[in-house]
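J.: how does the following fold in three dimensions:
(one chain, ligands or ions: 1)
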Amino acid sequence: MRFFDPHIHMLSRTTDDYENMAAAGILGVVEPAFWQGQPRTRVGTFIDYFDALVGWERFRASQFGIRHYCTMALNPKEANDVALAEEVMKILPRYCAKDGVVAVGEIGYDDMSEAEERFLLEQLELARSLDMPVLVHTPHRDKKRGTERTIEVIRDVGIAEEMVVIDHLNEQTLPLVMETGCWRGHSIYPHTKMSESRMVALLQQYGLEKMIVNSAADWGRSDPLKVPKTGAAMLEAGFSEEDVDRVLFRHPIEFYAQSGRISLDEMTTPTVDQTQLFEDNSVLRGQTPVVE
Ligand SMILES: [Zn+2]
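T.: You can find the predicted model right below:
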């Protein structure tokens, strides 16, 4: 089976993860711009991070046979440093124009502060003006109210709902998003958010339309194989291989294909050439390069 993980922070993962993901059938990933676990203090560190997403990390993924795309944004956690956030907003449009950038995201609420609302609105406007899809995350606390408010803001901005995926949904918030034309994102986590079996139950109850599943793996405790593991749980529950392919491979690509920078046609199994270098750097440490 083939899989696509549409939300995973590979910069904080290891080469073992890439090898295991490729072996499990993951052909491609989308890496949303994210925070670092501690706040950045100057715009230059955003610039270097964004450059790494479109540069080194894309190369690193290619060395293990995985296609790497990313999304660009000021994340909700860092929206509250308003002076810095204003500087980040100035550089964002130029990063949104780069190859491999398939959406604006992840944006949304964290504490639901005024500053968060301001930069959520500004970034939804940016996505609308660039005709790009948007990845909107829902807050971990006060999730229902945060999701309701998120949907109101999306409607106020007037961005086409099919251009938006609302992520980290659960049993409480999915029904709210079912009332919209937005895509429905779910992050499968080892202990919190959502499990494979709960995800299967949601697919049984609500159907497959616009459903998307990701691992949201990052520098915290998380599992980069949760998409293929959800595939196994779906097959065990009686879903067909065609259903698994639709939800865990074609749906996320169809969603991000609205950017014009990714397509199902290009999603053949990538070839690996580990003799390649990126700015003179290799992912190898003396091993014989794999060339397929
Ligand atoms: Zn994330």
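
J.: give me phi/psi at Ile205?
T.: Actually, residue 205 is Gln rather than Ile. Dihedral angles of Gln205 (phi, psi; degrees, to the nearest 10) stand at phi -80, psi -40.

J.: can you report how many residues lie near it?
T.: Neighbourhood size, Gln205 [other Cβ atoms under 10 Å]: 10. From N, CA and C alone the C-beta is placed, and that goes for glycine too.

J.: next one: the one 5 residues further on
T.: Each residue near Lys210 was counted by other Cβ under 10 Å, and the total is 21.

J.: check contacts around the residue nearest to it when sequence neighbours are not counted.
T.: Excluding the flanking residues, the one nearest Lys210 by Cβ to Cβ, 6 or more residues apart in numbering is Trp183, at 4.6 Å. Applying Cβ atoms under 8 Å, 6 or more residues apart in numbering to Trp183 gives the contacts Glu162, Val164, Val165, Ile166, Lys210, Met211, Ile212, His251, Phe255.

J.: what segments of the stretch 101-250 of the chain are helices?
T.: 114-130, 143-157, 174-178, 196-206, 226-236, 241-245 (DSSP state H, counting those that start in this stretch).

J.: of all those helices, which lies closest to Asn281?
T.: helix 226-236 (28.6 Å; Cβ to Cβ).

J.: residues touching the closest one, excluding its own?
T.: 1, 3-5, 24-26, 188-189, 196-197, 199-200, 203, 213-215, 217, 223, 241, 243-244, 247-248.

J.: buried among the residues you listed? Need that as a selection in PyMOL.
T.: Buried residues among those (16 or more other Cβ atoms under 10 Å), as a PyMOL selection:
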select buried, resi 3+4+5+24+25+26+188+189+196+199+200+203+213+214+215+217+243+244+247+248
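
J.: and Val30, that's in a strand?
T.: Yes - counting by DSSP: H, G, I helix; E, B strand; the rest coil, Val30 falls inside a strand.

J.: distance of it from Ala97?
T.: Look at Val30 and Ala97: by Cβ to Cβ, to the nearest Å, they are 17 Å apart.

J.: comparing those two, which residue is more hemmed in?
T.: Val30 (27 against 11).

J.: my read: that one touches Cys70, true?
T.: Yes - Val30 lies in contact with Cys70 (Cβ atoms under 8 Å); the separation is 6.5 Å.

J.: mutual contacts of these two, please.
T.: With Cβ under 8 Å, 6+ apart as the test, Val30 and Cys70 both reach Val102.

J.: picking that back up, dump the contacts of Trp183 into JSON lines; add pLDDT and distance to Pro228 as well.
T.: Formatted as JSON lines, the contacts of Trp183 follow (pLDDT from 0 to 100; distance: Cβ to Cβ, whole Å):
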{"residue": "Glu162", "pLDDT": "98", "distance to Pro228": "27"}
{"residue": "Val164", "pLDDT": "98", "distance to Pro228": "26"}
{"residue": "Val165", "pLDDT": "98", "distance to Pro228": "20"}
{"residue": "Ile166", "pLDDT": "98", "distance to Pro228": "23"}
{"residue": "Lys210", "pLDDT": "98", "distance to Pro228": "21"}
{"residue": "Met211", "pLDDT": "98", "distance to Pro228": "16"}
{"residue": "Ile212", "pLDDT": "98", "distance to Pro228": "15"}
{"residue": "His251", "pLDDT": "98", "distance to Pro228": "15"}
{"residue": "Phe255", "pLDDT": "98", "distance to Pro228": "19"}
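
J.: list buried residues within those residues.
T.: Members of those classed as buried by 16+ other Cβ under 10 Å are Val164, Val165, Ile166, Lys210, Met211, Ile212, His251, Phe255.

J.: wait, the fourth one touches His251, no?
T.: Spelled out, that is Lys210. Yes - if you go by Cβ under 8 Å, Lys210 and His251 touch, sitting 7.1 Å apart.

J.: burial of Phe50, as a residue count?
T.: 22.

J.: no wait, Ile107
T.: Ile107 has 28 nearby residues by other Cβ under 10 Å.

J.: can you name the residues bridging to it?
T.: Val136 (DSSP bridges).
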